[in-house]
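Q: Sequence plus the predicted model coming up.
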Amino acid sequence: MKLAILSRNSSLYSTQRLVEAARVRGHSVRVLDPLRCYMRIAPGVFEIHYRGRPLADYDAVIPRIGASVTFYGTAVLRQFEMMGAYTPNPSDAILRARDKLRCHQLLARQGIGLPHTVFGDNPDDTADLLQMLGKPPHVIKLNEGAQGAGVILAERASASRSVIEAFRGLYANFLVQEFIAEAKGADLRCFVVGGQVVGAMRRQAKKGEFRSNLHRGGTAKPVALSEEEIDTAIRAAKVMGLNVAGVDLLRSRRGPLVLEVNSSPGLEGIEGATGLDLAGSVVDYVATRVSRRGRSRST
C-alpha cells in the first residue's frame, strides 16, 4: 500500500508511530505537510503538487490535521479523495466533528447522551439562555477549541455572564453546558477504529483543575468500559462519519455523555496508558479497506 500521512510535523509522536506501524507492515509511507500541498482544480482534472513535484497514485491518506489548519487541510484531503485515494476520515466528516455545535446537534438528533447545551448570539438573551440551561456551575467552551483550550468553568451565574460577555466581545463562537459534578474531574477517551473500540483510558484532572486533558496535567490509566459506553462511543463516531476517532465520554447518573468526537486523536497518551499498538490498528484497518476497494474494482 502506498500511504500518505497529512501532518504538519513529522516528529510528533502520533505521526512517528503511524509511520513506524506502516513500515513494519511493509507499506510505503510518506509524511506530507498539508500546507505545502497545492492544487490544480479543473473539470475532470484533480492534481496536487508538493515542493515542486506532482503527487499521484496514493492508495490511502491518513489525516492528522490540526484545528488551526482545518480549512486548508481538509481542502487538501478532499483533493486526494477526488483523485481516488481512500481515507478513513473523509474531509466532510472532519469538518462535522471540528464544529462542536454541529457535532452536538447531530448527536442529539440520534438520541446520543451529551451534557445539556445552550447556544445564543444576542446579549439581550443571555439571562434566558442561562435559565434554559439551569443552575451553575456552567462550562463555557469555544466552539473550535482543542486540548482543553478555551474551556472555562463558571461557578456562579454572574461569572457565566461575565465570561459570555468577554467571548462575545472577541466575536468568538462558544457553547455553554451543564457541569457534570459526579464525573469528579474524570473522563473516558475511547479510541474507535472501524466501528470498534480498540482501546480506552480514564483521564483524571489534576487537583484544582476540572479539565482532564493530559496537556493540562491530567493523568491516565486503562479502563474497562461498560457495554453502554462502548455502544455510545461507536455510535458517536458513526454519526460523525469517522472511522478513526477519539470519543470522550463522561460517566453520569443518566449514563455516558459525549463530550467530544475527535477526528485526529493523539496516540501518545492512550498507547502509554494501555500498552496497545493503536497505530497498528489504524494502519491495518486502512490496508484492509484499500485491499477491499482493489478487489471490488477488479471484479
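A: Yes, it's here. Keep in mind that what you see is a predicted model, and the values were worked out from it rather than measured.

Q: So which bits of stretch 266-277 are buried?
A: For stretch 266-277, the neighbour count (16 or more other C-beta atoms under 10 Å) marks Gly266, Leu267, Gly269, Ile270, Glu271, Ala273, Thr274, Leu276, Asp277 as buried. Glycine gets a C-beta too; all of them are placed from N, C-alpha and C.

Q: and what of stretch 126-140?
A: Per 16+ other C-beta under 10 Å, stretch 126-140 contains these buried residues: Thr126, Leu129, Leu130, Leu133, Pro136, Pro137, His138, Val139, Ile140.

Q: so what's Ser252 up against?
A: By C-beta atoms under 8 Å, 6 or more residues apart in numbering, the contact list for Ser252 reads Gly113, Ile180, Glu182, Ala183.

Q: Pick out the residue nearest the middle of this protein.
A: Closest to where the C-alpha atoms of the chain average out (C-alpha atoms, centre = their mean) is Asn262, at 1.2 Å.

Q: circling back: mind checking which of the buried residues of stretch 126-140 land in helices?
A: Among those, the ones falling in helices (DSSP state H) are Thr126, Leu129, Leu130, Leu133.

Q: now, which of the residues you listed sits nearest Arg203?
A: Within these, the smallest distance to Arg203 is 24.8 Å, found for Leu133 (C-beta to C-beta).

Q: which one of the buried residues of stretch 126-140 is nearest Leu257?
A: Taking C-beta to C-beta as the measure, Leu257 sits nearest to Val139 out of the buried residues of stretch 126-140, at 11.9 Å.

Q: Now the closest one: closest residue in space that isn't a chain neighbour?
A: Nearest residue to Val139 in three dimensions, chain neighbours excluded: Gln177, at 4.6 Å (C-beta to C-beta, 6 or more residues apart in numbering).

Q: is that neighbour in a bridge, and if so with what?
A: Note on Gln177: beta-bridge partners Thr117, Val139, judged by DSSP bridges.

Q: How much space separates it from Ala85?
A: For Gln177, the distance to Ala85 (C-beta to C-beta, to the nearest Å) stands at 37 Å.

Q: Please convert the buried residues of stretch 266-277 to JSON lines, extending it with pLDDT, distance to Leu12 and secondary structure.
A: Putting the buried residues of stretch 266-277 into JSON lines (pLDDT from 0 to 100; distance: C-beta to C-beta, whole Å; DSSP: H, G, I helix; E, B strand; the rest coil) gives the following:
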{"residue": "Gly266", "pLDDT": "95", "distance to Leu12": "9", "secondary structure": "coil"}
{"residue": "Leu267", "pLDDT": "97", "distance to Leu12": "9", "secondary structure": "coil"}
{"residue": "Gly269", "pLDDT": "94", "distance to Leu12": "13", "secondary structure": "helix"}
{"residue": "Ile270", "pLDDT": "96", "distance to Leu12": "15", "secondary structure": "helix"}
{"residue": "Glu271", "pLDDT": "97", "distance to Leu12": "13", "secondary structure": "helix"}
{"residue": "Ala273", "pLDDT": "96", "distance to Leu12": "18", "secondary structure": "helix"}
{"residue": "Thr274", "pLDDT": "97", "distance to Leu12": "19", "secondary structure": "helix"}
{"residue": "Leu276", "pLDDT": "98", "distance to Leu12": "19", "secondary structure": "coil"}
{"residue": "Asp277", "pLDDT": "98", "distance to Leu12": "17", "secondary structure": "coil"}
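
Q: got a markdown table for these, with distance to Ala21 too?
A: Output for the buried residues of stretch 266-277, formatted as a markdown table (distance: C-beta to C-beta, whole Å):
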| residue | distance to Ala21 |
| --- | --- |
| Gly266 | 15 |
| Leu267 | 10 |
| Gly269 | 17 |
| Ile270 | 14 |
| Glu271 | 11 |
| Ala273 | 18 |
| Thr274 | 15 |
| Leu276 | 12 |
| Asp277 | 7 |
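
Q: which among these gets closest to Val198?
A: Nearest to Val198 among the buried residues of stretch 266-277 is Leu276, at 7.1 Å by C-beta to C-beta.

Q: Which pLDDT does the model give Asp124?
A: Per-residue pLDDT puts Asp124 at 87.

Q: Any idea how many residues pack against it?
A: Residues near Asp124, counting by other C-beta atoms under 10 Å, number 9.

Q: Can you tell me the SS state at it?
A: helix (DSSP: H, G, I helix; E, B strand; the rest coil).

Q: rewinding a little: who are the contact partners of the residue nearest to the centre of the chain?
A: Applying C-beta under 8 Å, 6+ apart to Asn262 gives the contacts Ala97, Ala245, Gly246, Val247, Asp248.

Q: are any of those residues buried, and which?
A: Neighbour counting by 16+ other C-beta under 10 Å classes Ala97, Ala245, Gly246, Val247, Asp248 among those as buried.
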